[in-house]
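Student: sequence and predicted structure, then a few things I'm wondering about:
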Amino acid sequence: MYDYIIGKITNIKNNAIVLENSGIGYLVYVSNPYSFEIGSEVKVYLYQQIKEDENSLFGFKTNEEKELFLKLISVKGLGCKMALPILAVGSIEGIMDAIERENILYLKKFPKIGEKLAKQIILDLKGKLEFIGVGISDDEVDTQEELKEVLINLGYKEKEIKPVLNQVDKSLSIENQVKEALKLLLK
């Protein structure tokens with residue numbers, strides 16, 4: 001399984017890019033191939049789909065985009081080739097907000113997403129997207145997860161913790177983050 005590849009863009013196709021690394025050109029399906037530039041060196045986060053007759057790579061500019069993609073393909077009836085255009089058309093925040101608010105009309109604007117599949121997306125993902133770290137670094141995700149684990153071990157429920165996590169100063173040490181979170185939880 002691949003996590004990411006750093007390489008040079010050698011070709012752009014209508015639904016994919018060719019990413020060269022160590023003399024090998026990887027065909028990587030992406031949501032918006034024209035957001036890449038031929039000749040530029042990039043880091044692309046990957047998901048590898050292996051089927052009986054196919055071995056495909058799907059690429060993402062950010063780890064958050066990849067996380068959302070993985071959540072989307074976990075929905076019954078929603079495959080990789082249907083999830084990729086969702087990321088191309090919508091923003092990560094917009095998609096997450098639509099799912100949490102049960103906005104079927106927003107979800108139906110995506111290609112091949114009808115009312116039945118939009119309802120299935122909401123049913124399968126509502127309440128499960130809150131910890132996709134939009135716009136935060138891997139270190140912050142790690143400390144945020146660590147803080148969440150500590151608070152759960154202290155007996156707090158996830159729905160109590162969720163609103164507090166975003167209010168805690170991420171620049172503090174984990175010990176001070178716990179203290180600050182506890183103060184916020186006791187209010």
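Tutor: Nice, I can see it.

Student: okay, domains of the protein per the record?
Tutor: Residue ranges for the domains of the chain, per automatic domain parsing: 4-60, 63-125, 138-186.

Student: residue ranges in this protein under the pLDDT threshold?
Tutor: Within the chain, the segments meeting pLDDT under 70 span 130-142, 187.

Student: that one: helices as residue ranges?
Tutor: 63-73, 80-89, 92-100, 104-108, 115-125, 138-153, 158-165, 174-186 (DSSP state H).

Student: mind naming the longest strand for the protein?
Tutor: strand 41-51 (DSSP state E).

Student: now for that one, which elements pack on it?
Tutor: Judged by 3 or more CB pairs under 8 Å, 6 or more residues apart in numbering; DSSP states H and E, the packing partners of strand 41-51 are strand 4-12, strand 16-21, strand 24-30, strand 54-60, helix 63-73. Where you see a C-beta, it was placed from the backbone N, CA and C, and this is true even at glycine.

Student: okay if I get the ones you listed as a markdown table plus mean neighbour count?
Tutor: Listed next are the helices and strands packed on strand 41-51 as a markdown table, based on neighbours: other CB atoms under 10 Å:
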| stretch | mean neighbour count |
| --- | --- |
| strand 4-12 | 15 |
| strand 16-21 | 19 |
| strand 24-30 | 17 |
| strand 54-60 | 17 |
| helix 63-73 | 20 |
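
Student: of these, which is nearest G39?
Tutor: Among the helices and strands packed on strand 41-51, the nearest to G39 by CB to CB is strand 4-12 (6.5 Å).

Student: gap between that closest one and the chain center?
Tutor: Distance of strand 4-12 from its chain centroid, counting by CA atoms, centre = their mean, to the nearest Å, is 20 Å.

Student: any idea of the angle that strand forms with helix 63-73?
Tutor: Our comparison of strand 4-12 with helix 63-73, counting by axes from the mean of the first three to the mean of the last three CA atoms, to 10 degrees, yields an angle of 90 degrees.

Student: so what strands line up beside strand 4-12?
Tutor: The sheet places strand 4-12 alongside strand 16-21 (antiparallel), strand 41-51 (antiparallel), with pairing taken from DSSP bridges.

Student: out of these, the one nearest S171 is which?
Tutor: The nearest among the strands paired with strand 4-12, by CB to CB, is strand 41-51 at 25.0 Å.

Student: for the closest one, buried residues please.
Tutor: 42, 44-47 (16 or more other CB atoms under 10 Å).

Student: also stretch 74-83?
Tutor: Buried-residue list, stretch 74-83, by 16+ other CB under 10 Å: 75, 78, 82-83.
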